[in-house]
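Visitor: I would like the atomic coordinates for the input below:
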Amino acid sequence: MDNVDEDDLSLKFEMLIDHIIAKKSSQPILRDIFGHSSGDWVNFRNYIDKNTYIEEYEGLDVYVCWLTEINSTNDQGRLVAFFENNQLYSQILIFNMNTLKPKA
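Guide: Here you go, the predicted structure:
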């Protein structure tokens, strides 16, 4: 795979993380991820339709899990880990559960 393709996949990986973490419309996805046991890896394809995958994320094989953030003083911190299985990209983010709005 040449550098252009690798750069494209790297950008897609970053966009996927932004899609899951930063967009308010993705709160149901986060609720589902946090509904799994800590350390339970979930395939991100469970959360998008086939056309969206082909149009935006084709080539990625990303799994997501969460862990309790041990330095959190109020038990609201979570580490959200992303791992891309083909290119071996990974990223861990700290997420504050207080920002997750309750279900309407």
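Visitor: C-alpha only now, for contacts and for neighbours.
Guide: Fine.
Visitor: Buried residues, the one helix or strand residue 18 maps to. List them.
Guide: Using DSSP states H and E, residue 18 maps to helix 3-21. Under the neighbour-count criterion of 16 or more other C-alpha atoms under 10 Å, helix 3-21 has 9-10, 12-13, 16-17, 20-21 buried.
Visitor: and if you look at stretch 64-82?
Guide: 64-69, 77-82.
Visitor: would TSV of these with pLDDT be doable?
Guide: Converted to TSV, the buried residues of stretch 64-82 look like this (pLDDT from 0 to 100):
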residue	pLDDT
64	97
65	97
66	96
67	93
68	88
69	83
77	89
78	92
79	93
80	95
81	97
82	97
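Visitor: Now the element after the helix holding residue 18, going C-ward?
Guide: Helix 3-21 is succeeded, C-terminally, by helix 27-35 (DSSP H and E).
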